[in-house]
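1. I'd like to go over a predicted model; first the sequence, then the structure.
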Amino acid sequence: MSTFLGIPNAPRGVGHLRGTEPFPVAARKALANTQLRRNLGRATTTIRAKRAAVVAELPDWEELRTAGEAIKAHTMRHLDHFLAELEAQVTARGGTVHWARDAIEANQIVTGLVTATGATEVVKVKSIVTDEIGLNDALAQAGIHAYETDLAELIVQLGKDRPSHILVPAIHRNRAEIRDIFLREMKDVDPGLTDTPAALTEAARLHLRRAFLSARVGISGANFAIAETGTLCVVESEGNGRMCLTLPETLITVMGIEKVIPAWRDLGVFLQLLPRSSTGERMNPYTSMWTGVTPGDGPQAFHLVLLDNGRTAALADETGRQALHCIRCSACLNVCPVYERTGGHAYGSVYPGPIGAVLSPQLTGIEDNASLPYASSLCGACYDACPVKIDIPSLLVHLRARHVEEAGHRHRLASLASPEAITMAAAAWVMASPARFGAAQRASRLGRIMSRGGRIRRLPPPLAGWTAARDAPAPPTQTFRQWWHTEHERTEHERTEHERTGGGRP
Ligand code: SF4
C-alpha cells in the first residue's frame, strides 16, 4: 500500500477519461442538435424542480451540507488510515481486497477474477467507475459479455452510445428513440412495443430476467464503503442492483479510493444528502449493504478492487482535492447552464458537467483535459447546489491557473515564451509609456467599426480565440482620458465663469 499511495509517483488516470476533441469543438457540434437540447432542457428542468421541493422540506439542509463537507475533508486528510482500516475489516469478514494503480491494472484484476470462475457473462449494477476504466471493453476482449442492468445504462449499451449524465446516462434520449433502440437490439421484443414508460420498462425487465437468473458473477461500484466494519453500500432506484448484489455466486466491487467514509454515523449524513440531491427523493427505493461473505446467504466470494487511477495525484493538490469529495449526485449538472445546452458528450469524459470539468483534468493531468476547466461561465450555481459544498467555481479558476503555469513551464523548457507571457509583456510595454498607452486607446476605436449592435462577434487573429465562444463589447465612443479631459475643461470653464460673474470660488 505504501507504493499505492506514494503521491510523488502517483499514477495518472487512464481509461475513458479523455475526449477525442477539445470541449469547444465538441460543444459547437452539440449545440447544433436541437433534439438533444430539447431532451436535456426538459429532463434537467424536471429534476431541478423535484430537488428544490425535497430540499426545502429540511430545516437543517445547510447544516447537513456542512457536515458532509467536514466528513469528506477529514477523510481525505487521513485517507491512508481509513483505506487500511477498510482493507483489514473486509479481509476479516471473508472478502478479498485488491489494489489497482490504474485502469489497466483494475481491468486485469477483474477480468482475471471472472475468468477464474469460468463465467462468460456478468451482470452489472450501474457503476461510473467501471465506465471510467472501460471495463466492458476489457471483459469483451476476454470473451465475457457484461449485461448493464440499470435501465438507462442498458439503453446506452444497446444503443452503442456513451453515457451523458452521471445519474441519468441516457438523458439525451427521448422515449421514441429508446423504443427504436429496443426494437432494433432486443431479440424477442414485442414488435408492437409502444414508447410509454411502462411498456419500455417491461421490455427491459423481460430482457434482463434471464441474465439475472443465470449469471454467476455480479459486478458493482460502491457509493460508500464504511471503514469501521468494511461494509459496502450501493443506492439505486430500480431493484436491479439488489439482484446483482445477491443472486450471483461471486461479487466483484470496483471502487474509487475516495468513496471510503470512516463510520456508520457518517452514512446517516450522506443518505440524507444524496437522494434529495440526485433524484429529488427523500430516500432512494433500494439501499443495499453487505459486509464480507455470509455463509449460505448471498455471494460466497467477494472481491473489492480499490482503484487509484489518478486519485492520489488529485489528493496531492490541497485545493484540487476537494473534487474527491464528490458523492456523484449530479445536482451540479442539472443546474449548470453550460451542461444544459451542450449535454455530457461534449465533455469527452465519463464525468461530465461541472464536476467533470474539475475532476477529469486532475485524474488525467491537466494537459490531457485542458479545455474542461474553461467549460464554465463561473456563475456559481454548481456550488450552491452541491450537497457537500465543493467550491467548483474556485476549483475551475485554480485549474485554469495551473494550466497556464504548466503551459508556461513547457514553453520555457522549449526556450519559447508562452502566449500568456507574450501578451503580458506586450501589455507592460504599452502601459509603461503614456504616449504608447494613448496610441493603443486610439487604435481600439477600430473596434467600433467592426461592431454591430454594440457587440463585436468576430475579432481577427491573434485575438480570434476570445470571440470564438463569446461576443466582445464594442469599445466606448470616448476613452477615459478623453472623458477626463472634457470634464476637466468643462469644470475649469464653469469655475472661470463663476469667478467672472462675481460668485467667488464655488
Ligand atoms: S460535485 Fe457536488 S453537486 Fe456535483 S455531482 Fe459531486 S456531489 Fe453532486
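-> Looks like it came in fine. Numbering: from 1, shown residues only.
2. before we move on, which element is the closest residue to the ligand within the stretch 401-506 of the chain in?
-> Nearest residue of the stretch 401-506 of the chain to the ligand: Arg402, at 18.7 Å (CB to the nearest ligand atom). (Glycine included, C-beta is placed from N, CA and C.) Assigned by DSSP states H and E, Arg402 falls within helix 392-413.
3. Whichever helix or strand comes after that helix - contacts with which helices or strands?
-> Using DSSP H and E, the next helix or strand after helix 392-413 towards the C-terminus is helix 419-431. Here helix 419-431 is seen to pack against helix 392-413, helix 434-444 when contacts are counted using 3 or more CB pairs under 8 Å, 6 or more residues apart in numbering; DSSP states H and E.
4. now the ones you listed as TSV including distance to Arg51, mean pLDDT and mean neighbour count?
-> Listed next are the helices and strands packed on helix 419-431 as TSV, based on distance: least, CB to CB, whole Å; pLDDT from 0 to 100; neighbours: other CB atoms under 10 Å:
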stretch	distance to Arg51	mean pLDDT	mean neighbour count
helix 392-413	17	89	17
helix 434-444	46	83	12
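5. Present these as a markdown table; the columns should include distance to Ala469.
-> Below are the helices and strands packed on helix 419-431 laid out as a markdown table (distance: least, CB to CB, whole Å):
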| stretch | distance to Ala469 |
| --- | --- |
| helix 392-413 | 14 |
| helix 434-444 | 21 |
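6. what's the angle between the helix holding Arg402 and helix 419-431?
-> Helix 392-413 and helix 419-431 are oriented at 90 degrees to each other (axes from the mean of the first three to the mean of the last three CA atoms, to 10 degrees).
7. who's in contact with helix 392-413?
-> For helix 392-413, contacts defined as CB atoms under 8 Å, 6 or more residues apart in numbering pick out 317, 319-320, 322-323, 332, 354-355, 357-358, 361-362, 366-367, 370, 373-374, 376, 378-380, 382-383, 386, 417-418, 420-421.
8. Near Arg38, how many other residues are there?
-> Using other CB atoms under 10 Å, Arg38 has 11 neighbouring residues.
9. The one helix or strand it maps to near the ligand anywhere?
-> Assessed by DSSP H and E, Arg38 sits inside helix 34-56. No. Shown here: helix 34-56 not in contact with the ligand (CB under 6 Å from any ligand atom), separated by at least 10.2 Å.
10. Packing partners of the helix or strand Val156 falls within?
-> Element membership of Val156 [criterion: DSSP H and E] is helix 151-158. Using 3+ CB pairs under 8 Å, 6+ apart, the elements in contact with helix 151-158 are strand 145-148, helix 175-185, helix 197-214.
11. can those go into a markdown table with extra columns for distance to Arg48, mean pLDDT and mean neighbour count?
-> Shown next, in a markdown table, are those (distance: least, CB to CB, whole Å; pLDDT from 0 to 100; neighbours: other CB under 10 Å):
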| stretch | distance to Arg48 | mean pLDDT | mean neighbour count |
| --- | --- | --- | --- |
| strand 145-148 | 26 | 96 | 20 |
| helix 175-185 | 20 | 95 | 16 |
| helix 197-214 | 20 | 93 | 15 |
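12. among the ones you listed, which is nearest Thr496?
-> Comparison of those against Thr496 by CB to CB identifies helix 175-185 as nearest, at 76.9 Å.
13. quick one: the closest one to helix 197-214, angle?
-> Between the axes of helix 175-185 and helix 197-214, defined by the same axes, to 10 degrees, the angle is 40 degrees.
14. The contacts of helix 392-413 also near the ligand: which ones?
-> Residues shared between the contacts of helix 392-413 and the neighbourhood of the ligand are Cys332, Ile355, Cys386 [CB under 6 Å from any ligand atom].
15. following the helix or strand where the second one lies, which helix or strand comes up?
-> Of the helices and strands defined by DSSP H and E, Ile355 is found in helix 353-364. Beyond helix 353-364 on the C-terminal side, the first helix or strand identified by DSSP H and E is helix 381-385.
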